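> Pasting a predicted model and its sequence here:
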Amino acid sequence: MNTVSEFFEARVAESGEAPSVIFGETVVSYSELNARANRLARRLIAAGVGPDALVAVAVPRSIELIVAVLAVLKAGGAYLPLDPAYPAERLTHMAEDARPVLLLRTKSVASLRLDVPEMVLDDPSFVATYERERGENVSAGERLAPLTPAHLMYVIYTSGSTGVPKGVAVSHAGVADLVATQVRLYGTGPGDRVLQWASFSFDAWFWDFTLALLNGAALVMAEQDALLPGESLRETLLKHDVNHAVLPPVALGITESEGLLPGGTITSTGDVCTRSLAEEWSKGRRLYNAYGPTEVTVGASIGGPIEGVQEEVTIGTPWDGGAVYVLDERLRDLRDGREGELYLAGSGVARGYLNRPGLTAARFVADPYGPPGSRMYRSGDRGRRAADGELYFTGRADNQVKVRGFRVELGEVEARLESHPAVEIAVAVVGGEDVSTQHIVAYVQTSARHVVDEAQLREHARRTLPEHMVPSAVVVLEQIPTLPNGKIDRKALAERASRSSADTPAVPAPVADGADGAKSYEQILCGMVMETLKVSEVTPQDNFFDLGGHSVLAAKLASRMRKELGVVVPMRSLFAAETLAELAQLMEQAEKV
C-alpha cells in the first residue's frame, strides 16, 4: 500500500460500519463515505481527471469536503485546496497559477470565474447524476493511467517572499512513512476520535485527515467558530469525546487543558512549544512536539511524549523514512551540538514548487548524504542536534516568521502594501509579548503626491491577504529608519512595534456610567478591548477587527467576558457585531453563567 486511496480502502475493509466522519450531529460510516467517494471519482474520471491532473477544491468544512478529496485521490488526481474563507483574489491567483483541469465547489462558494469546467457538488442535477454511478472501489483499469506513489497528491500554496504565493507540489511517495510514523507513535484506530482543526489550505489538515481515515479512527469536524481557541474549542473537544488533536501553541495557550483528551494525545506544531505549555499539556495525556514545513509531506521530525520538566522542548527525531541534517554553510554535518541550517531529506520531500523551476533548484538540492540522485530541502530554519540525537529548533535564517502558528513571508505583506499607489516603502515586522498576542505591524513611507490613511492601507492588504497576514496596524512614518550602510533598520522597527504594544496604557474611553454609578457593559467592554488589543483609544462605535483584532484575540476577549463577567457571547455573534456598542448589547442579552 503506497497511495492514499489504497490505505483508505484497506481501512474500509476492516472498519465497515464504524464511524469515519462526524460533523455536528451527522455521522458517516466508512462504507458510506467510501461509496460516495467512489461515485464521485467515476464522474471525475469521465471528466478527464487522472494521474498528475490537478483538481481545485473550493468546499467549506463539511462531509462533502472529505468526499471530494477522497474522490480526487481515488481518480488518481491531486487536489488543490481553496479555503472559501480566503479572499477571492487570492483564491483566483492560486487557481490561475496552478492551472487545474477542474473545479469542485458547492453552491455556497461563488464561482471563481476560471476558464475550467466546474462541478457544483450539491446541485440537485449533479447529485442525481453522480449517485447513479457504482459505489464499489475504483479499479486500476478504470483510471486513465496507472497510479504510482510518484504521482502528485496535492499542491498547497504558501506565503512567498516576492509577494506571490508559491505552490508546493507533494506526491504520494511519503504517505507510507507518514502512516508508519502515526502507527508507531499514536496507535490510533477504531474507537478513537481525531479533531480536524487546521484550515483546508494547510498541510496540517492532511495530517488530521490521515491520522483518522488511514488508521480506522473517526474524524471530528466542526464549523470554524466552534474551533476557535478558548472556550469554543474546549466545548467542541468535550462534546465529541475527542482524544487526539493537533494544535499550534497559540491555541494551547488560551485553552484550558483540564479534562481534555484524557489518556489521548495532543501534538503541538507550527511554532515553538514553550516549557510552560509543555508542563500544562503533558498532564493526563501524551504531548508531542512536531516540526516540518509544507515542503515535506506534513512533517520532518517529532519529539515525545514530552515531559513538562524539560528546560527546552525538543522537536525530536526524524520521521520514519526521513532524515534531518544540521549543516554549515559548506554542507558539513554538524554533529557536535553546534547550530546550523536544517536540511530535510527522505521519502516525504516534495517535488518542488509548481511552475517555479528556478526556485525549486535553489531550495531542493542534491543530498550528499543520501542515495545517488536523492534530494534534500533547504529549510531556512536553524537548529542543533544534541549528543543523544534529539533536535532543537533555534530560529530562522531569513525574513520568514511564524505568526500565531502560520508561516508568513513578511516580504509578501510588504509587496502587497507597496502595490498601493501611495506607498513608497513598506516594512513589516512582528510585535507582541507572546504567541497569543503576536501580530504584524507594517510601517510605511508614503508619497507626498498621494493622501492615504492607515485604515485604507489595511483594507488594501485585506483584499488579497488571508486574515493571519493582514497587519494589525499600519503606521505611516515620514521616513523609514536606516542603518549607516543605507539598509532598512528592521531591528529598530521591530523594537518599536514591541515597545508600543507593551507600553500602551489601558485607560478606557469615557462612557457614561449607569444611573446607579455602575459601569455599563459598553464601558467595561471598551476597557477590555483596549487591554486585549493594546491600543490607547477605543470608542463604542469602533469595530473590534478594524482596531487590529483577529480570531485568536477575539477568543481571548470572549474568554474574559465569561470568566470576569459571567457573560457567554457566541463567537459567531462576536464576529458579526459591527461595533462595540452592538457587542455590548449582545452582552446584556447573553446567557449568564
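In hand now; what should we look at?

> Point out where the protein drops to low pLDDT.
Applying pLDDT under 70 to the chain flags residues 1, 161-163, 308-311, 398-399, 405, 433-437, 483-487, 499-519, 591, 593.

> could you point out the longest helix in it?
helix 30-46 (DSSP state H).

> any idea how far the helix or strand just after it is from the chain center?
Next helix or strand after helix 30-46 toward the C-terminus (DSSP states H and E): strand 54-58. The chain centroid and the centroid of strand 54-58 are separated by 18 Å, computed with CA atoms, centre = their mean, to the nearest Å.

> And stretch 188-204, by the same measure?
Distance, centroid of stretch 188-204 to centroid of chain: 12 Å (CA atoms, centre = their mean).

> Quote the end-to-end distance of it.
17 Å (CA to CA, to the nearest Å).

> again with stretch 128-144
With CA to CA, one end of stretch 128-144 sits 24 Å from the other.

> how about that stretch: buried residues?
Across stretch 128-144, burial judged by 16 or more other CB atoms under 10 Å covers 130, 133, 137-138, 142-143. Quick note: C-beta positions are derived from backbone N, CA and C, even for glycine.

> So which of these sit within helices?
Filtering the buried residues of stretch 128-144 for helices - DSSP H - leaves Tyr130.

> quick one, domains of this protein?
4-172, 222-398, 412-503, 521-592 (automatic domain parsing).

> thinking again about what came up before, so which residues lie in contact with the longest helix of the chain, not counting its own?
8-9, 11-12, 15-21, 28, 55, 63, 66-68, 70-72, 74-77, 102, 119, 121, 129-131, 133-138, 142-144, 216 (CB atoms under 8 Å, 6 or more residues apart in numbering).

> CA atoms only for it, dumped as CSV, please.
Provided in CSV are the C-alpha atoms of helix 30-46 (Å, rounded to 0.1, in the frame of the first residue of the first chain):
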residue,chain,number,x,y,z
TYR,A,30,-16.5,4.1,6.5
SER,A,31,-18.5,2.1,3.9
GLU,A,32,-20.9,5.0,3.2
LEU,A,33,-18.0,7.5,2.8
ASN,A,34,-16.2,5.1,0.5
ALA,A,35,-19.2,4.5,-1.7
ARG,A,36,-19.9,8.3,-2.0
ALA,A,37,-16.2,9.0,-2.9
ASN,A,38,-16.2,6.1,-5.5
ARG,A,39,-19.3,7.5,-7.2
LEU,A,40,-17.8,11.0,-7.5
ALA,A,41,-14.4,9.6,-8.5
ARG,A,42,-16.1,8.0,-11.5
ARG,A,43,-17.6,11.3,-12.6
LEU,A,44,-14.1,12.9,-12.3
ILE,A,45,-12.5,10.2,-14.4
ALA,A,46,-15.2,10.7,-17.0
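
> Pairing partners for the longest strand seen in the chain, with directions?
The longest strand of the chain (DSSP state E) is strand 375-385. Under the criterion DSSP bridges, strand 375-385 sits next to strand 340-346 (antiparallel), strand 364-366 (antiparallel), strand 391-396 (antiparallel) in its sheet.

> Any idea how far that strand is from the middle of the chain?
Taking CA atoms, centre = their mean, the mean C-alpha location of strand 375-385 is offset from the chain mean by 21 Å.

> now swap in stretch 111-126 and tell me
26 Å.

> buried set for it?
Result for stretch 111-126 [16+ other CB under 10 Å]: buried residues 112, 114, 118-121.

> Check what contacts that stretch and list those residues.
By CB under 8 Å, 6+ apart, stretch 111-126 touches 40, 43-44, 47, 56, 58-59, 64, 67-68, 82, 88, 91-92, 95-96, 100-107, 127.

> Separate out the buried members of these.
Applying 16+ other CB under 10 Å to the contacts of stretch 111-126 flags 40, 43-44, 56, 58-59, 64, 67-68, 82, 91-92, 95, 100-106 as buried.

> from these, which ones fall inside strands?
Checking those against DSSP E, those in strands are 56, 58, 102-105.

> Identify the farthest-apart pair in those.
Using CB to CB, the two most remote members of those are Ala58 and Leu102, lying 11.3 Å apart.

> Kindly provide the distance from the closest residue to Ser347 other than its chain neighbours to Pro293.
Residue nearest to Ser347 in three dimensions, not counting chain neighbours: Gly321, with 4.1 Å by CB to CB, 6 or more residues apart in numbering. Per CB to CB, to the nearest Å, Gly321 is found 17 Å from Pro293.

> Those two: which has the busier surroundings?
Pro293 (20 against 17; other CB atoms under 10 Å).

> Name the nearest residue to the more buried one, ignoring sequence neighbours.
Ser379 is the one closest to Pro293 (CB to CB, 6+ apart), at 5.8 Å.

> That neighbour: neighbouring residues, count only.
Applying other CB under 10 Å, I find that Ser379 has 24 neighbouring residues.

> Of all pairs in the buried residues of stretch 128-144, which one is the farthest apart?
Among the buried residues of stretch 128-144, Tyr130 and Arg143 lie farthest apart (CB to CB), at 17.2 Å.

> Val473 against Gly548, yeah?
Rather than Val, residue 473 is Ala. Yes. At 5.4 Å, Ala473 and Gly548 qualify as touching, with contact defined as CB atoms under 8 Å.

> shared neighbours, these two?
His439.

> these two touch, right, Val569 and Arg560?
No. Between Val569 and Arg560 there is no contact under CB under 8 Å: 10.7 Å.

> Show the end-to-end separation of stretch 565-575, please.
19 Å.

> Other residues contacting it?
225-226, 228, 232, 524, 544-545, 554-555, 557-558, 561-562, 583, 586-587, 590-593.

> Buried among those? Make that a PyMOL selection.
Selection of buried members from those for PyMOL, criterion 16+ other CB under 10 Å:
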select buried, resi 225+226+228+232+524+544+545+554+555+557+558+561+562+583+586+587+590
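
> The contacts of stretch 565-575 in helices, which ones?
Using DSSP H, the contacts of stretch 565-575 in helices are 232, 524, 554-555, 557-558, 583, 586-587.

> Between all of those, which two are separated the most?
Taking CB to CB, the two most distant members of those are Ser232 and Ile524; they sit 21.3 Å apart.

> how about the helices in the stretch 351-500 of the chain?
Under the criterion DSSP state H, counting those that start in this stretch, the stretch 351-500 of the chain contains helices at 357-363, 410-418, 454-462, 490-503.

> So which of these is nearest Ser257?
It is, among the helices of the stretch 351-500 of the chain and with distance given as CB to CB, helix 490-503, at 26.3 Å.

> if we can go back for a sec, mean neighbour count and distance to Tyr325 added to the strands paired with strand 375-385, as CSV?
Listed next are those as CSV, based on neighbours: other CB atoms under 10 Å; distance: least, CB to CB, whole Å:
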stretch, mean neighbour count, distance to Tyr325
strand 340-346, 24, 4
strand 364-366, 15, 11
strand 391-396, 17, 10
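
> The closest residue in space to Ile66 that isn't next to it in sequence pairs with what?
Using CB to CB, 6+ apart and skipping residues adjacent in sequence, the residue nearest Ile66 is Val21, 5.4 Å away. Here Val21 sits in beta bridges with Val28, Leu219, going by DSSP bridges.

> Pull the contacting residues for Val21.
Val21 neighbours (CB under 8 Å, 6+ apart): 27-28, 33, 63, 66, 213, 218-219, 221.

> wait, which of the ones in helices among the contacts of stretch 565-575 is closest to Ile315?
Using CB to CB, these come closest to Ile315 at Ala555, 26.3 Å.

> okay but the closest one is in contact with Gly230, surely?
Yes. With contacts counted by CB under 8 Å, Ala555 reaches Gly230, the gap being 3.9 Å.

> circling back to that earlier point, quick one, what contacts the residue nearest to Ser347?
With CB under 8 Å, 6+ apart, Gly321 has these contacts: 174, 176-177, 180, 346-348.

> at 10 Å instead, please
The contact partners of Gly321, taken as CB atoms under 10 Å, 6 or more residues apart in numbering, are 173-174, 176-178, 180-181, 297, 345-348.
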